[in-house]
Each structure stands twice: as C-alpha cells, then as structure tokens.
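Novice: Return a 3D structure for these sequence lines:
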Amino acid sequence: MTPLSPAEGPHWVAGMMPLAGVDPLAGAGSLGIPSVYWERPVDREAAAGWGEAGVREAHVAAELPAVLGSLGHEAVRWLGPVPVRMPGPWFGGMRFSPTGQVDGAWRSHGLARWTLPELLVWREDNALYVAAFATEAQGGEDAVRSRLERVRASFSQAYRHAVGAPVALRTTSSRPDFEALVDRAVEAITTGHLHKVVLARAMDAEGPAPFDVVDVLARLREQNPRCATFLFRAPDGTGFLGATPETLCRVDGRVLETEALAGTAAPGGEAALDASDKDRREHEAVVRYILQALEPVAASVSADAQPSVLALKNVMHLRTGIRAKLDEGVDTAQVVTALHPTPAVGGTPRERALSFLVEHEALDRGWYAGPVGWV
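Specialist: This next block holds a predicted model:
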C-alpha cells in the first residue's frame, strides 16, 4: 500500500457542527457502541467515532511505513467550517510485533488497521462537536448532512457514568507456566545474555453475562484519569480496549514528546521506588534507549534531569519526560519505527529480548503493548 496523493483514491466530503452535550461517550445511547474511542484527560482529549468512512490496512511488515505515512494526507472537502483542534481523524493501531503466529482472538485486527469514522464526536475545552465523513460512493454531501442532523437530534446531553454493578469474574491463567518463564528470564539476565526483558501472560476472564463495552469504558476512564482509555473495534465486533499511562510519541510538526516509564512499585511505595537500585537501573535503560533511538531522526533531544514518580490508582512508575526537535522531513512513521518497541514493553538488548519473547513467551500479544492512538 502506498500513500494517497490528492489525485488518487477516494475523496471525502466532510462537515461539522457544535453539539449540545458534554461527553462523546454519551453518543452510545443513540448511536450504539463506538467503533473507536479515545480519552486522555491530562491532554484534554476525548473522542468517539462510529462507522467506517475509510480504512487503511497493512498486511505485511513492508507496508507499515507507507500506511502510517499516508495518514493525514487524505483529500477532504469541507462543507462550511474546518475544525482546528479535532483529534484524528484516523484512529487505529498495530501489532506488538509484525512477525509470529496470529491466534484467533487477534486475527480480525490484523497487522495494522486505521479507520476514518463516518461520525466523530470530540470535546474541545468545554464544548462538544461532531464531524461526518463520506465519499461520493457513500452518499457525499447528502450523507454528511443527514448524519449530522441525525446526531444533532438524538445526542444525549448527559455525561455517561458507569452504571453497572460490580460482577464476580471467573479467571483462568497458568501461573506455573508464567513462573517457569520468569525463571528462564532471570537466568538469561544472570548470564549476561539479556539486560532486561518484559514478560506478559494471558488471562481469560468470564462474567455471568456479556460485558457492556460502554460501561467498561466509562468505568476505566473514571478509575484511571491519568491514563488514555481506548477502544478499537474490528468489523466483526471484536474489540481491544484498555487504559494505558504510557505515551509512545506525540508529534506536532517537528516537535516530539515522549517518555520513559519504567520502574514499578505498589501504591504508597514512592520512597522505596526512588531508592531501589534495580528500578533505577531498569528506568535508566529505557531512557538511554530512547535518547539513542531518536539521534538519527532528531536535530536535538533533551530529557528531564531526574525521574519523577507517576502515581496511578493501582501502581507507581518512575517517569522521565523526553523532548526532541525532529529533522526536516521526518514523519510519524519514522518516529514509531525508531522507538517501538521500547525496553519498557520489550527489553534490552532489543533484538535479543524480542527473540527471547518469541521463543519462550508462547503468547500472541496482538495489539497489546503495540502502538495505538490517532493521527
């Protein structure tokens, strides 16, 4: 797949209007479960999207740079005002690793998938707006106007709180297998083969009734206000949702912001975390990696002199903020390629750590710990 120029591929018609509401997620009451959702309160970002006016996918690793590079270059004809601070409009993500066997749970999300919603509702300061997108084949101007009117007439003005009661979950996971994997990782570190490796394990959770996706999102964002809460649904309804405190990168023109988030303690363990030699070394390994990874694509790079402590509801992390001014012509695709996966989700040395995970983890991470977000 190659980037689309204005003379190629579909041309979208779009329109926008203000909404008398406060919460993008409230649209679920009239529009159903969103196809995409993103909320990051610390950056004052909140958006929900429904439907798919456009899709861009990568099926092999070689297509990833072109697909990422094409986002944001679509030909859009706006009917009336053009939004200035609208997030996206492309939302999606990609697998943790482009190689390895794909299990059934992740097959519908593919290697990388980015969607342009038919309807996108977002919060800007204290106001709510909606944009509609359609190609001429999807109805063009008539479809845009009818979609906007439908949303205006039905969108709830209330905030969508979590309403479901707590439920008892039945969980299953192989603890002995994971402990054996930890032993192998410790041995690899002790012998000097690895400096750090980040392990994961799968856990199945089953409730007494189907999960209410919107209620899960509402509860996640209420319990994790310093995280990005997200949802990405495939056409078959399979959804990947969660909340993450980590930002792989934020690129605005030539300005890049990222962070090293490594070194972990339980809530209230700030003093122990700050004094822990293990956690300090683990954190410094991530900082060094990011600074070195940015050198080929950045004109200048700087980092906080000392890590701070990021306190979340159920965990605490050491955090170092990192900023860079990118070289002329460097795009988001090059930044993602340079950074991902950082040692915070993979390990160091990177290639050895990733090989260890492929050989021993016996788990398809899918999009978990992969880059997700909006462009």
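Novice: so where do the helices sit in the stretch 51-200 of the chain?
Specialist: 64-70, 140-154, 175-190 (DSSP state H, counting those that start in this stretch).
Novice: If you count neighbours, what's buried in the shortest one?
Specialist: Translated: helix 64-70. 64, 65, 67, 68, 69, 70 (16 or more other Cβ atoms under 10 Å). From N, CA and C alone the C-beta is placed, and that goes for glycine too.
Novice: again with the second one
Specialist: Within helix 140-154, the residues that qualify as buried by neighbour count (16+ other Cβ under 10 Å) are 140, 143, 144, 145, 147, 148, 151.
Novice: sec struct for residue 25, please.
Specialist: helix (DSSP: H, G, I helix; E, B strand; the rest coil).
Novice: what number of residues lie near the nearest residue to it once chain neighbours are set aside?
Specialist: Counting by Cβ to Cβ, 6 or more residues apart in numbering, residue 25 lies nearest to residue 160, which is 4.4 Å off, once chain neighbours are set aside. When counting by other Cβ atoms under 10 Å, one arrives at 20 neighbours for residue 160.
Novice: ranges for the strands of the stretch 51-200 of the chain?
Specialist: For the stretch 51-200 of the chain, the strands defined by DSSP state E, counting those that start in this stretch occupy 54-58, 75-79, 91-94, 112-116, 119-124, 127-135, 170-172, 196-197.
Novice: who touches residue 362 in this structure?
Specialist: By Cβ atoms under 8 Å, 6 or more residues apart in numbering, the residues touching residue 362 are residue 177.
Novice: repeat for residue 303
Specialist: Residue 303 touches 260, 287, 291, 320, 321, 322, 323, counting by Cβ under 8 Å, 6+ apart.
Novice: Buried subset of the residues you listed as a ChimeraX selection?
Specialist: Selection of buried members from the contacts of residue 303 for ChimeraX, criterion 16+ other Cβ under 10 Å:
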select :260,287,291,320,322,323
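Novice: In helices, which of the contacts of residue 303 fall?
Specialist: Secondary structure from DSSP state H places 287, 291 of the contacts of residue 303 in helices.
Novice: Throw the contacts of residue 303 into CSV and include distance to residue 108 and pLDDT, thanks.
Specialist: Below are the contacts of residue 303 laid out as CSV (distance: Cβ to Cβ, whole Å; pLDDT from 0 to 100):
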residue, distance to residue 108, pLDDT
260, 33, 96
287, 36, 96
291, 37, 97
320, 36, 97
321, 36, 97
322, 34, 98
323, 37, 98
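Novice: Which single one of the contacts of residue 303 is nearest to residue 232?
Specialist: Lowest distance from residue 232 to those (Cβ to Cβ) belongs to residue 260, with 25.2 Å.
Novice: JSON lines for the buried residues of helix 140-154, including pLDDT and distance to residue 299?
Specialist: Shown next, in JSON lines, are the buried residues of helix 140-154 (pLDDT from 0 to 100; distance: Cβ to Cβ, whole Å):
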{"residue": "140", "pLDDT": "95", "distance to residue 299": "43"}
{"residue": "143", "pLDDT": "97", "distance to residue 299": "44"}
{"residue": "144", "pLDDT": "98", "distance to residue 299": "41"}
{"residue": "145", "pLDDT": "97", "distance to residue 299": "45"}
{"residue": "147", "pLDDT": "97", "distance to residue 299": "43"}
{"residue": "148", "pLDDT": "97", "distance to residue 299": "42"}
{"residue": "151", "pLDDT": "97", "distance to residue 299": "43"}
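Novice: could these go into JSON lines alongside distance to residue 38?
Specialist: JSON lines is the format used below for the buried residues of helix 140-154 (distance: Cβ to Cβ, whole Å):
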{"residue": "140", "distance to residue 38": "27"}
{"residue": "143", "distance to residue 38": "24"}
{"residue": "144", "distance to residue 38": "22"}
{"residue": "145", "distance to residue 38": "26"}
{"residue": "147", "distance to residue 38": "20"}
{"residue": "148", "distance to residue 38": "21"}
{"residue": "151", "distance to residue 38": "18"}
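Novice: right, and the pair among these with maximum separation?
Specialist: Most distant of the buried residues of helix 140-154, by Cβ to Cβ, are 140 and 151, 17.6 Å apart.
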